[in-house]
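Undergrad: sequence and predicted structure below; questions after.
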Amino acid sequence: MILVLRALGVGDLATAVPALRALRAGFPDRELVLAAPDWLTPLVDLVGGVDRVLPVTGLAPPDRPGPSPGIAVNLHGRGPQSHALLLAADPGRLFAFRCPSAGHPDGPEWDDAEHEVRRWCRLVDWYGLPAEPGDLALARPAPDRVPVGATVLHPGTKVPAKRWSPARFAAVARHLARTGHRVVVTGSPTERVVAEQVARRAGLPPTAVLAGRTGLTDLAALVAHARLVVSGDTGVAHLATAYGTPSVVLFGPVPPTRWGPPPDRPRHRVLWAGTGSELRWDGVGMHPTMAVLSVDQVLAETDEAERAVWDDGAVAA
């Protein structure tokens with residue numbers, strides 16, 4: 001058995017897809033088990049190649065650990081806590097970044113500035129399993145319960161510093177709706193209030209608010225069959241990359257060089273104001289690097305994202 005730890009969220013799983021596929025290709029006859037939150041299972045199914053999910057909550061030991069793995073792979077972090085969790089499973093071998101304090105002097109050195117996708121590709125490559133960083137596509141669910149061709153605005157994120165103002169999201173939604181887009185607003189159940197605020201300010205009907213009403217498979221289907229996605233640096237942005245759906249992603253304070261879409265895909269646009277080192281921040285709420293991004297900038301990038309799709313079609317024709 002190959003046991004892989006990635007006990008995080010949607011975007012985190014999406015960035016680990018190339019490394020997971022390299023493990024699958026390298027060990028085609030072994031059971032590949034992913035230790036991850038149980039609620040991520042529908043998305044794991046869209047990755048393909050994973051035999052089962054071992055439910056974990058954060059770095060707490062699983063309720064039913066099962067047999068010792070032949071190989072444990074840390075796609076979660078640099079250690080020592082994540083290393084210790086896997087070492088407690090008594091694997092025959094650990095694939096992980098070098099962490100002597102966790103009793104693991106093997107492996108490559110961690111690089112804080114590295115892009116998340118390339119980080120995990122470099123790790124598995126160090127152990128002889130070549131990974132392709134561009135291999136990010138997910139299986140496309142049928143849009144049985146979601147609209148097709150909608151423009152998805154996702155104003156929420158778990159990190160307050162990464163949130164753009166609901167008023168500005170509403171201004172974007174209002175403009176797009178006036179120019180023929182069918183706009184829907186997504187989010188988690190806890191983000192429904194923000195989504196309703198955006199829809200109300202934009203003059204959208206209550207039916208446009210899908211926050212808290214879509215499971216993970218439905219959300220993936222919505223993004224896979226969407227016209228456009230506008231969001232902050234969060235999981236929905238990674239779904240748009242995985243499905244080639246045109247997107248505009250607002251970054252701050254973390255730069256797109258760490259979590260952004262591949263730079264060679266023009267239909268995925270990023271807005272980044274720089275480090276903001278010259279801007280004062282009290283540590284509460286939206287970071288200044290997000291606050292300086294304007295509605296006009298976002299709308300200009302939506303035009304560029306859609307133009308890139310048209311250009312792709314023209315080349316294909």
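TA: Looks like it came in fine.

Undergrad: all helices of the stretch 101-250 of the chain, in order?
TA: Assignment of helices within the stretch 101-250 of the chain using DSSP state H, counting those that start in this stretch yields the ranges 116-126, 166-178, 192-202, 216-224, 235-243.

Undergrad: can I get the ones you listed in a markdown table with mean neighbour count and mean pLDDT?
TA: All C-beta spots, glycine's among them, are computed from the backbone N, C-alpha and C. As requested, those are arranged in a markdown table below (neighbours: other C-beta atoms under 10 Å; pLDDT from 0 to 100):
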| stretch | mean neighbour count | mean pLDDT |
| --- | --- | --- |
| helix 116-126 | 21 | 98 |
| helix 166-178 | 20 | 98 |
| helix 192-202 | 21 | 97 |
| helix 216-224 | 23 | 97 |
| helix 235-243 | 26 | 98 |
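
Undergrad: what secondary structure does residue 60 sit in?
TA: Per DSSP: H, G, I helix; E, B strand; the rest coil, the secondary structure class of residue 60 is coil.

Undergrad: so what's the residue count around it?
TA: 9 (other C-beta atoms under 10 Å).

Undergrad: now tabulate the helices of the stretch 101-250 of the chain in a markdown table and tack on distance to residue 133.
TA: Formatted as a markdown table, the helices of the stretch 101-250 of the chain follow (distance: least, C-beta to C-beta, whole Å):
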| stretch | distance to residue 133 |
| --- | --- |
| helix 116-126 | 5 |
| helix 166-178 | 30 |
| helix 192-202 | 33 |
| helix 216-224 | 21 |
| helix 235-243 | 12 |
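
Undergrad: quick one: closest of those to residue 282.
TA: Closest to residue 282 of the helices of the stretch 101-250 of the chain is helix 166-178 (C-beta to C-beta; 19.8 Å).

Undergrad: hang on, the earlier thing: so for residue 4, which of the helices of the stretch 101-250 of the chain sits nearest?
TA: Relative to residue 4, the nearest member of those by C-beta to C-beta is helix 116-126, separated by 9.9 Å.

Undergrad: what's that closest one in contact with?
TA: 12, 15-16, 18-19, 22-23, 26, 73-75, 95-97, 107-108, 111, 114, 130-133, 136, 258-259 (C-beta atoms under 8 Å, 6 or more residues apart in numbering).

Undergrad: if you count neighbours, what's buried in the biggest helix by length in the chain?
TA: Taking DSSP state H as the criterion, the chain has its longest helix at helix 295-316. Of the residues in helix 295-316, those buried by neighbour count under the rule 16 or more other C-beta atoms under 10 Å are 295, 298, 299, 301, 302, 305, 306, 308, 309.

Undergrad: same thing with stretch 132-142?
TA: For stretch 132-142, using 16+ other C-beta under 10 Å, the buried residues are 133, 136, 138, 141.

Undergrad: what is the mean pLDDT for that stretch?
TA: The pLDDT scores in stretch 132-142 average 97.

Undergrad: repeat for stretch 75-94
TA: In the prediction, stretch 75-94 has an average pLDDT of 96.

Undergrad: list the contacts of it.
TA: 3-8, 16, 19-20, 59, 61, 65, 68-74, 96-97, 99, 101-104, 106, 110, 120, 123.

Undergrad: any idea how far residue 302 is from residue 310?
TA: 13 Å (C-beta to C-beta, to the nearest Å).

Undergrad: what does residue 87 give?
TA: For residue 87, the distance to residue 302 - C-beta to C-beta - is 47 Å.

Undergrad: check the offset of stretch 262-278 from the chain's centre.
TA: 16 Å (C-alpha atoms, centre = their mean, to the nearest Å).

Undergrad: dump that stretch to PDB, restricted to CA.
TA: This file holds the C-alpha atoms of stretch 262-278, laid out as PDB (Å, rounded to 0.1, in the frame of the first residue of the first chain):
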ATOM      1  CA  PRO A 262       0.200  28.200 -15.100                       C
ATOM      2  CA  PRO A 263       1.400  31.400 -16.700                       C
ATOM      3  CA  ASP A 264       1.200  30.000 -20.200                       C
ATOM      4  CA  ARG A 265      -2.600  29.700 -20.100                       C
ATOM      5  CA  PRO A 266      -4.000  33.100 -21.200                       C
ATOM      6  CA  ARG A 267      -7.600  32.300 -20.400                       C
ATOM      7  CA  HIS A 268      -6.600  32.300 -16.700                       C
ATOM      8  CA  ARG A 269      -5.900  35.900 -15.600                       C
ATOM      9  CA  VAL A 270      -4.400  37.000 -12.400                       C
ATOM     10  CA  LEU A 271      -4.500  40.400 -10.600                       C
ATOM     11  CA  TRP A 272      -1.600  41.000  -8.200                       C
ATOM     12  CA  ALA A 273      -0.600  44.400  -6.800                       C
ATOM     13  CA  GLY A 274       2.800  43.300  -5.500                       C
ATOM     14  CA  THR A 275       3.900  42.700  -2.000                       C
ATOM     15  CA  GLY A 276       2.300  45.900  -0.600                       C
ATOM     16  CA  SER A 277       5.300  46.500   1.600                       C
ATOM     17  CA  GLU A 278       4.700  50.200   1.300                       C
END
